[in-house]
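Student: just coords:
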């Protein structure tokens, strides 16, 4: 660093990374002496950036809170994480641009082109990201670029190394999932990103299956694949009403030719599912399994007993 202005900005970046930084460390990292550090501190204060001097055994400098926001120094991965959070963190579309939209516009204006392309790739590759924390930036960027460029990746997963043709990144219930074709198992699989330690692009390219929807695959797998029992229940309502009332994780809904909606869901505890069904606002018919009908009858018997006990004595 040869220019004082560059050193002043570097000093600001160091102070933003730590709560308290000793003067000796600042001098060493800026490659200057203690007198120069004091000059740069004065320069920051002249720009109305509040820098406190802390004396005593644990002496040094730190940024203080103030009425105005000082310039924010971000590393590449930090800038990418902020941009992605702004772009994907909105819970709903708003008619007028909100503070997050305006901040994203400002950030995109100053992002270097390679970083801006990485952010664009991640937003395009990821689905359902509202409200979800972004995982390790380098990992998620590598996977997002591979999804967009249709390149195979090698991932290091807790279950071992895998080669995957990535079809998409999906966020559900505050977790990120990679969906793609697992070359070892020769089938479509999904992997949680918090269980992937590393990813690297490979030379091979791929073409995703026509009409494949990564979001639907994740929802179907989480709803049905992890449960012991598969249940089919006919609901006396229309598809739009059922979708408005039931969460997407409750099961798959599809209209029946003769009217009504077929609910296909998974359950670990059929007694619990029977209790949920009796709380629905519509008439219903259990199609399968027979054990759910038995669980429903037992629940009705319990309710009937509760009604009998609750009636006043004659």
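Tutor: Great, that's in hand. Note that this is a predicted model, so its numbers are computed, not measured.

Student: For the rest of this, base every contact and every neighbour count on C-alpha atoms.
Tutor: Noted.

Student: Provide the backbone phi and psi angles at residue 41.
Tutor: Residue 41 has phi and psi values of phi -60, psi -40 when expressed as degrees, to the nearest 10.

Student: ditto for residue 281
Tutor: Main-chain torsions, residue 281, degrees, to the nearest 10: phi -80, psi 10.

Student: pLDDT at it, what is it?
Tutor: Residue-level confidence at residue 281 comes out at 93, pLDDT.

Student: just residue 52 next, same as before
Tutor: 89.

Student: now for the helix or strand it falls within, which elements pack on it?
Tutor: Using DSSP states H and E, the secondary-structure element containing residue 52 is strand 51-54. Packed against strand 51-54 by the contact rule (3 or more Cα pairs under 8 Å, 6 or more residues apart in numbering; DSSP states H and E) you find helix 34-46, strand 60-63.

Student: Tell me which of these is the most buried.
Tutor: Each of these was given a mean neighbour count from mean count of other Cα atoms under 10 Å, and the largest, a mean of 20, is that of strand 60-63.

Student: That one - contacts with which helices or strands?
Tutor: If contacts are counted by 3+ Cα pairs under 8 Å, 6+ apart, strand 60-63 sits against helix 4-17, strand 51-54.

Student: can you give me the offset of the shortest one from its chain's centre?
Tutor: What it means is strand 51-54. Centroid separation for strand 51-54 versus its chain: 38 Å, with Cα atoms, centre = their mean, to the nearest Å.

Student: Parallel or antiparallel, list what pairs with that strand.
Tutor: strand 60-63 (antiparallel) (DSSP bridges).

Student: List of residues touching the partner strand?
Tutor: Strand 60-63 is contacted by residues 15-16, 18-23, 49-54 when judged by Cα atoms under 8 Å, 6 or more residues apart in numbering.

Student: Once you drop chain neighbours, what's closest to residue 248?
Tutor: In this structure, residue 248 finds its nearest non-sequential neighbour in residue 219, 7.5 Å apart by Cα to Cα, 6 or more residues apart in numbering.

Student: tally of neighbours for that neighbour?
Tutor: Counted by other Cα atoms under 10 Å, the residues lying close to residue 219 total 18.

Student: what does residue 33 give?
Tutor: The number of residues packed near residue 33 is 13, by other Cα under 10 Å.

Student: Kindly report the same for residue 113.
Tutor: 11.

Student: Enumerate every residue touching it.
Tutor: Taking Cα under 8 Å, 6+ apart as the test, residue 113 contacts no residue whatsoever.

Student: ok, residue 252 to residue 277 distance?
Tutor: The spacing between residue 252 and residue 277, counted by Cα to Cα, to the nearest Å, is 15 Å.

Student: likewise residue 22?
Tutor: The span separating residue 22 from residue 277 equals 63 Å under the rule Cα to Cα.

Student: For the two, indicate the residue with more neighbours.
Tutor: A direct count of neighbours by other Cα under 10 Å for residue 22 and residue 277 places residue 277 higher, at 18 against 14.

Student: circling back: who wins for proximity to residue 273 among the helices and strands packed on strand 60-63?
Tutor: Taking Cα to Cα as the measure, these were each checked against residue 273, and helix 4-17 came out nearest at 50.1 Å.

Student: what angle do the closest one and helix 34-46 make?
Tutor: Compare the direction of helix 4-17 with that of helix 34-46 by axes from the mean of the first three to the mean of the last three Cα atoms, to 10 degrees and you get 80 degrees.

Student: Next SSE downstream of helix 4-17?
Tutor: Next element after helix 4-17 (DSSP H and E): helix 23-30.

Student: Now list the buried members of the contacts of strand 60-63.
Tutor: Applying 16 or more other Cα atoms under 10 Å to these, the neighbour count classes 15-16, 20-21, 23, 49-51, 53 as buried.

Student: Taking those together, which two end up most distant?
Tutor: By the measure Cα to Cα, these have their two most distant members at 23 and 49, which lie 17.5 Å apart.

Student: Checking residue 242 next. Helix, strand or coil?
Tutor: Recorded secondary structure, residue 242: helix (DSSP: H, G, I helix; E, B strand; the rest coil).

Student: Outline the domain layout of this protein.
Tutor: Split into domains by automatic domain parsing, the chain comes to 4-63, 76-212, 227-309.

Student: Return the member of these having the minimum mean pLDDT.
Tutor: Per-stretch mean pLDDT for the domains of the chain is lowest at domain 76-212 (a mean of 75).

Student: just the strands in the chain please.
Tutor: With DSSP state E as the criterion, the chain has strands at 51-54, 60-63, 126-127, 151-157, 160-172, 175-182, 187-192, 196-205, 229-235, 252-255, 261-267, 284-288.
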